[in-house]
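Q: sequence unknown, structure follows:
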């Protein structure tokens, strides 16, 4: 029995060490394959017309992020406050910048935390702003044998990928690793 346990420990110890190096890279690859284009396409729908479209969002951007408030002002986004504008612009930029940072592995832990916050706000907006809370199938439930609800199932998996990156970092093939190797080594402070 000791040999079996030792063999198991030897094999899966090697798998674990290999996994520690591979898991961040795979998480970033899955994020890129599943969510990068999703968020970029969503961000494109929020850009306004012309050269200043990145700071003058489309009416659709307000409709996506503040649907009830936009409806309350008759779909005239100029009637909304500077707060609404700032949130929409920041959200739009976040949909482009944070996914890019994750994919290239730049400040990956912070970008992943930002994306977790983004997904939470997105989910709350879908539930309360767009009336998803009234549709049980949109919210979904765990342990219900139906793995296709948008909020509880799909977005839980998105967050799992992002939490993995918060915990493990970007891994070896990343800008973070390059920056770490370029940084001068820390010398202990001597008294």
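A: Here it is on my side, so go on. Since this is a predicted model, take the numbers as computed values, not measurements.

Q: contacts and neighbour counts: CA atoms only from here.
A: Fine.

Q: for residue 144, phi and psi?
A: Dihedral angles of residue 144 (phi, psi; degrees, to the nearest 10) stand at phi -110, psi 10.

Q: leaving out chain neighbours, which residue sits closest to residue 20?
A: residue 168 (7.7 Å; Cα to Cα, 6 or more residues apart in numbering).

Q: residue closest to the middle of this protein?
A: residue 115 (2.9 Å; Cα atoms, centre = their mean).

Q: ok, that residue touching residue 98?
A: Yes. Using Cα atoms under 8 Å, residue 115 is in contact with residue 98, at 6.6 Å.

Q: any stretches of this protein with poor pLDDT?
A: 132-137, 186-191 (pLDDT under 70).

Q: for it, which segments count as strands?
A: Shown for the chain, no strands are assigned by DSSP state E.

Q: residue boundaries of the helices in it?
A: Using DSSP state H, the helices found in the chain span residues 2-31, 37-46, 59-65, 67-72, 82-104, 108-124, 136-139, 156-168, 175-182.

Q: most neighbours per residue, which of the ones you listed?
A: Most buried of these, by mean neighbour count (mean count of other Cα atoms under 10 Å): helix 59-65, with a mean of 20.

Q: what residues does the residue nearest to the centre of the chain make contact with?
A: By Cα atoms under 8 Å, 6 or more residues apart in numbering, the residues touching residue 115 are 98, 99, 162.

Q: do the same with residue 32
A: Residue 32 touches 99, 103, counting by Cα under 8 Å, 6+ apart.

Q: cool, residue 77 as well?
A: Residue 77 neighbours (Cα under 8 Å, 6+ apart): 59, 62, 70.

Q: about what we covered before: redo the helices of the chain as CSV? Include distance to residue 52.
A: Compiled in CSV, the helices of the chain are given as follows (distance: least, Cα to Cα, whole Å):
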stretch, distance to residue 52
helix 2-31, 29
helix 37-46, 12
helix 59-65, 14
helix 67-72, 21
helix 82-104, 11
helix 108-124, 24
helix 136-139, 35
helix 156-168, 31
helix 175-182, 30
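
Q: of all the ones you listed, which one is nearest residue 149?
A: Evaluated over the helices of the chain, closeness to residue 149 peaks at helix 136-139, with 5.4 Å, by Cα to Cα.

Q: ok, which of the helices of the chain comes nearest residue 145?
A: Judging the helices of the chain by Cα to Cα, what sits closest to residue 145 is helix 136-139, at 12.5 Å.

Q: and the residue nearest to residue 20, how far from residue 112?
A: 11 Å (Cα to Cα, to the nearest Å).

Q: now do the contacts for residue 158.
A: Residue 158 neighbours (Cα under 8 Å, 6+ apart): residue 31.

Q: for residue 177, same thing?
A: 170, 171.

Q: now residue 25
A: 170, 171, 172, 173.

Q: tell me, how many residues neighbour the last one?
A: It stands for residue 173. Residues within reach of residue 173, counting by other Cα atoms under 10 Å, total 14.
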